[in-house]
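here is the input, now give the coordinates:
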Amino acid sequence: MYTTMFIRLSAGLMSGLIACWGGAVAQQTTVPQNWHLLDKVHDGVWGIGINSAYTTLLKGKTPRTVLVAVIDSGIDTLHEDLRPVLWHNPGEQNNGRDNDGNGYKGDVFGWNFIGDTADVHHNLIRDSDEGTRFYYAHKSRFAKVTDERQLAAKDRKLYSDWLRSARALARNTEAQRAVDELQSYLQNSYPRWDTLFQHLLAMDTYTGKEVEAFTTDDRILKMERFFYARLFAKVKPGTTNKTLPQALKPVMDSMQLLVKIPDTPPADYRAAVVKDDYFNLKDRFYGNSNVMAENMLHGTHASGIIGAVRNNGIGVDGIADNVQLMMVRVTPDGDEHDKDVALAIRYAVDNGAQIINMSFGKAWSPQQQWVEEAIEYARRKDVLIVKAAGNSGINLDSLPDYPTNRYRKSRRLIPNMLTVGASGPLREELVSPFSNYGRETVDVFAPGMQVYSTVGLLRAGTIVHEYQPRSGTSMAAPVVTGIAAVLKAYYPQLSAVQIKQLIEASVTKVEGMVYQPQTNRQLITMAALCRTAGIVNAYRAVELAEAFTRGR
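Numbers count the residues shown, from 1 in each chain. Coordinates of the predicted model:
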C-alpha cells in the first residue's frame, strides 16, 4: 500500500509553492489547482495538456465508453462528482442475490475482496505489512541458518529475501529508531552544533555543563541547545565537544544490543475477517459487495483523477470524459495480499474492464506467480494495467516494488503494463523527491504532486464528500490511466499494448539535469530515472494516436 505524501494545502490555488529540498529555494510561483490537466506552453506548468487536446484535437469527435477498474481501498459511491460515472453491473441487482451468476453476490459497483462474506459491514480496515508477514512465515525455517551454504541452491534466494525482511523489521523497532536518531544527530547535527556553540560560548573546548548553562530568549537557539544537551547527557560528565563523538560510539553499541525483533507475529487481521482458504487460489468466491467500507479516501481520490465528471461546474474535472469506473477493493491500511490482488485483476477482466489502475505496491510478494499469471491473463484479454511506482525514493532496479513491470523468470518487460513515477508542476522540482525510480523498471513519470481530486471521508460515522490535493505516485498512476482511457475511447481500435507504446512514445523528454529523489538534490539525467526519460503528454499521445490509426 502507498500512503499519500505531504498533502493539505487550501482547496483553492496551490500558491506560493516553494521548492526547498536540500536548501535550494525556488522563486515563488503560483500553480493552478488543476495544473495536471494543463500544459507547459500555454500555462507554464508541466501538466499533461489534456484540456488543450479536448479543445483542439478531439473537438467534434464522439468517444465510446471505456470501463476502467480501480483496484484500491474503496470508493465513495455517493460522491457528487463520481456517481454519474460509476460502473453498474448490467447483470446484477441490489436484491441480495447473485443475479448474473458470476459467483459474487450483489456486485453492483464492483467487489470487495477483503470483506466478510456473511456481513457487508464487517470489513478489513487494518493489516500488517507484507515484509512482517514474510519474516514470520519463514522464521522457523531460516532463524538458525548462519550461512547460505547450509541451504540447497534453490532455497538461497528465499533466504536472502527473508534476511532482507528481518533487517526491515528490525529498522521498525523502537530500539532501532532510537539508535538511528542518535546516529543522525551525530553525523548530521553535531558538526553544526559544535561550530555554533564554539561561537556562542566563545570557547574552543567546552562540556555539556556549559551547553546546559547557556541561556537565550531565541526560540530556535533554545531548541538547538536542548537537543545538543541530550547528546552530552548520554556520556560521562566532563566529556568535551572534542571527545563527544568517540564517547557516543560505545553508547550506540550498547543501544544496538537492545534491538530485537519481537518473537510474536502480528495478529492475522485478514483471516479474522475474510475467512477464506488463503493458499487455495481456487477458493475465490469470498468477500462482499461493500466497496466503500471505511477507508475509501485513497481509492476515491484516484478515481476522481481518472474520470470525475468533466465540465459539470462542480468539484474537479477528471481526465477521461467518457468512462465508467469499477471499484475492486483489496487495499487495507497495510499491505495487500497477493491472492486478493490476483483475483481482483481477474474479476476486473472478466467483468469487462479495459484498463486497470493499481495505485499500490509492496517490497515482498510471496505469491508473486499468482499475480503475474493474472497480469498475463489480462494481456491475453487485451487489458492494460497501470501501476504506481511507490513513494520511498528508491531505485526499483535494485529493490523491487511488486507487482513489477518485468516477468519474474525472463526479466522481459510485461507488454501490457506501465509503471509510473511522480513529477511536479515546476522545473525546480520536476521529479518528486519521494518518487521511486528506475532506468529499467519505471516506464514514465506523470503529475503526482498536489493533484486535486475527489475524496470520501468517514467523520463521526458520517460519510463526507470533499475534494483535496494529495501527492504520491498513487496520483501519478491514475493520471496515466486517464490518458489511456481517452485513447481507448476515441481510438477504440487500439490494443492495450499499442496504447502503452503510444503513451511511452509521446512523453515530453526532459532535457538537462533533474534532482534525484532522496539524495540531497544530487543532479542526474531523466534517462537514469525511467525508461522513456520523460513525462507523459496527453496532447502528443492523441496526436500520435490520430496519425497511427489513420495510417493503418
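
which SSE is Lys409 in?
Using DSSP states H and E, Lys409 is not contained in any helix or strand.

run a quick neighbour tally on it.
When neighbours are defined as other Cβ atoms under 10 Å, Lys409 has 8 of them. (C-beta placed from N, C-alpha, C; glycine too.)

for it, give its distance to Asp443.
Going from Lys409 to Asp443 by Cβ to Cβ, to the nearest Å gives 20 Å.

Pro266 too?
34 Å.

what's the answer for Tyr490, then?
Distance from Tyr490 to Asp443, by Cβ to Cβ: 22 Å.

Ser289 touches Asp98, doesn't it?
No - the criterion here is Cβ atoms under 8 Å, and Ser289 misses it with Asp98 at 10.1 Å.

which one's more surrounded, these two?
Looking at Ser289 and Asp98 with other Cβ under 10 Å, you find the greater number of neighbours at Ser289, namely 21 against 15.

for the more buried one, which non-adjacent residue is spatially closest?
In space, and not counting its chain neighbours, Ser289 is closest to Gly106: 3.8 Å by Cβ to Cβ, 6 or more residues apart in numbering.

where does that neighbour land on pLDDT?
pLDDT, Gly106: 95.

Phe6 now?
So Phe6 comes in at 41 (pLDDT).

next secondary structure after whatever helix or strand Arg164 lives in?
Arg164 is part of helix 156-171 when elements are defined by DSSP H and E. For helix 156-171, the following helix or strand on the C-terminal side (DSSP H and E) is helix 174-184.

where's the helix or strand following that next one relative to the chain centroid, distance-wise?
As assigned by DSSP H and E, the chain's next helix or strand after helix 174-184 is helix 190-201. Distance, stretch centre to chain centre, for helix 190-201: 40 Å (Cα atoms, centre = their mean, to the nearest Å).

check contacts around the closest residue in space to Gly47 that isn't next to it in sequence.
Using Cβ to Cβ, 6+ apart and skipping residues adjacent in sequence, the residue nearest Gly47 is Leu38, 4.0 Å away. Each residue near Leu38 by Cβ atoms under 8 Å, 6 or more residues apart in numbering is listed here: Pro32, Val45, Gly47, Gly49, Asn51.

swap the cut-off to 10 Å and go again
With contact set as Cβ atoms under 10 Å, 6 or more residues apart in numbering, Leu38 has these partners: 31-32, 44-52, 425, 447.

with Val431 instead?
By Cβ under 10 Å, 6+ apart, the contact set of Val431 is 393, 421-424, 437, 445, 448-449, 510, 514-517, 524, 526, 529-530, 535.

separation between it and Ile394?
According to Cβ to Cβ, Val431 stands 13 Å off from Ile394.

need the residues touching each of the two.
Contacts common to Val431 and Ile394, judged by Cβ under 10 Å, 6+ apart, are Tyr437, Pro517.

which SS state does Leu458 fall under?
Secondary structure for Leu458, judged by DSSP: H, G, I helix; E, B strand; the rest coil, is strand.

wait, isn't it in contact with Glu294?
Yes - the criterion here is Cβ atoms under 10 Å, and Leu458 meets it with Glu294 at 5.3 Å.

higher neighbour count, the two?
Just comparing Leu458 and Glu294: by other Cβ under 10 Å the higher neighbour count belongs to Glu294, 18 against 15.

check contacts around the more buried one.
Contacts of Glu294 (Cβ under 10 Å, 6+ apart): Ser73, Gly74, His121, Asn123, Leu124, Ile125, Arg126, Pro332, Asp333, Leu458, Gly461, Ile463.

phi, psi of it?
phi -120, psi -10 (degrees, to the nearest 10).

still on that earlier bit, between Pro266 and Asp443, which is the more surrounded one?
Asp443 (26 against 13).

surely Ala53 is within a strand?
No - assigned with three-state DSSP, Ala53 falls outside any strand and is helix.

return the residues in contact with it.
37, 39, 59, 319, 483, 486, 490, 537-543.

are any of those buried, and which?
Applying a neighbour-count criterion of 16 or more other Cβ atoms under 10 Å, the buried members of the contacts of Ala53 are 37, 39, 319, 483, 486, 490, 537-543.

lowest-confidence entry in these?
Scoring the buried ones among the contacts of Ala53 by pLDDT puts Asp39 last, at 95.

and it, what does it touch?
Contacts for Asp39 (Cβ under 10 Å, 6+ apart) come out as 45-53, 508, 537-540.

how about the strands in the stretch 451-552 of the chain?
451-459, 462-470, 508-509, 513-515, 523-525, 534-535 (DSSP state E, counting those that start in this stretch).

cool, and the stretch 251-400 of the chain?
According to DSSP E, counting those that start in this stretch, the strands that the stretch 251-400 of the chain contains are 323-329, 355-358, 384-388.

among the contacts of Glu294, the buried ones, what's the ChimeraX command?
In ChimeraX, a selection of the buried entries from those looks like this (16+ other Cβ under 10 Å):
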select :73,74,123,124,332
